[in-house]
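> just coords:
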């Protein structure tokens, strides 16, 4: 199976600072790594994803980096704003069925 | 394009009862996956349906079942409810199956159904 570990579990940053969340995976065959943002009372929302043929992908203030050798990928949020406060989940395919397995989540709080 | 819709949004049941939750995927999407979200266990995969066929099932007891209709709408059923079944049940849709595939398309989640078992 797949073990997706996510760190940290909680993260507080000042508005305008950067936030970094890291995930590691165990299945070397994994080739798709999405990140989701979940606000209170809502379902997770896909914010960015990366496939194994690229090392970095950026979308405005959000970027994801992938290190296949080390089997870890990270979410980077620059110039954080209070509306970035939410729980963030990483995921990776796992097992023979290639089902997405989610990390345990990171509660990000951006302090104004 | 309308997003994933789930009904009902909130549900209160008592132990031993059964419950049926409904999910309507994004128009054109034929894959529907169900997840259980709890504070202790996080997001756990229940099952996936694609074109009315169950493609994959997570590690849950047989009390949890589902089905998909020809219009891609899906239902999940939980029988003989237990206190531990209290959770947010999320449905996600995709244009391609997410199980047994090496090519993934984005998976879009609905708002969830909050089930409380008393």
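Received it, and whenever you're ready, just let me know what you need. As the structure is a computational prediction, the values presented were derived from the model and not from experiment. Numbers count the residues shown, from 1 in each chain, chains lettered A, B, ... in the order given.

> which bits of chain A sit near chain B?
Taking Cβ under 8 Å from any Cβ of the partner chain, the part of chain A that reaches chain B is made up of A:31-32, A:34, A:36, A:41-46, A:49, A:51, A:89, A:93, A:97-105. All C-beta spots, glycine's among them, are computed from the backbone N, C-alpha and C.

> Repeat the analysis, applying 6 Å as the threshold.
Residues of chain A lying close to chain B by Cβ under 6 Å from any Cβ of the partner chain are A:32, A:42, A:43, A:44, A:46, A:97, A:98, A:99, A:100, A:102, A:104.

> Of these, which is the nearest to residue B:113?
residue A:43 (10.1 Å; Cβ to Cβ).

> where along chain B do the strands fall?
Counting by DSSP state E, one finds strands in chain B at the ranges B:5-7, B:10-13, B:19-24, B:31-38, B:42-50, B:53-57, B:64-68, B:74-78, B:87-94, B:108-109, B:113-117.

> do the same with chain A
Applying DSSP E to chain A gives strands spanning A:5-7, A:10-14, A:19-24, A:32-38, A:45-51, A:56-59, A:62-67, A:72-77, A:86-94, A:99-102, A:106-111.

> hey, least reliable of those strands by pLDDT?
Mean pLDDT is lowest for strand A:99-102 among the strands of chain A, at a mean of 87.

> Next, count neighbours for the closest residue to chain B within chain A.
At 3.7 Å from chain B, residue A:43 is the closest residue in chain A, using Cβ to the nearest Cβ. Residues near residue A:43, counting by other Cβ atoms under 10 Å in any protein chain shown, number 21.

> same check, this time on the one 3 residues further on
When counting by other Cβ under 10 Å, one arrives at 15 neighbours for residue A:46.

> same question, residue A:90
Residue A:90 is flanked by 27 other residues according to other Cβ under 10 Å.

> residue contacts, it?
A:6, A:23, A:35, A:103 (Cβ atoms under 6 Å, 6 or more residues apart in numbering or on different chains).

> Sketch out the low-pLDDT regions of chain B for me.
Along chain B, segments meeting pLDDT under 70 span B:1, B:100-102.

> Identify the residue spatially nearest to the spatially most central residue of it, adjacent ones excluded.
Chain B has residue B:34 as the residue nearest its centroid, 2.5 Å off, counting by Cα atoms, centre = their mean. Nearest-residue entry for residue B:34: residue B:46, 4.1 Å, with adjacent residues in sequence omitted and distances by Cβ to Cβ, 6 or more residues apart in numbering or on different chains.

> tell me the contacts of that neighbour?
Going by Cβ under 6 Å, 6+ apart, residue B:46 touches B:34, B:36, B:58, B:60, B:64.

> which of those sit farthest apart?
Greatest spatial distance in the contacts of residue B:46: B:34 and B:60, 9.6 Å, computed using Cβ to Cβ.

> beta partners for the residue in chain B positioned nearest to chain A?
Of all residues in chain B, residue B:109 sits closest to chain A, with a separation of 3.7 Å (Cβ to the nearest Cβ). Listed by DSSP bridges, the beta-bridge partners for residue B:109 are residue B:92.
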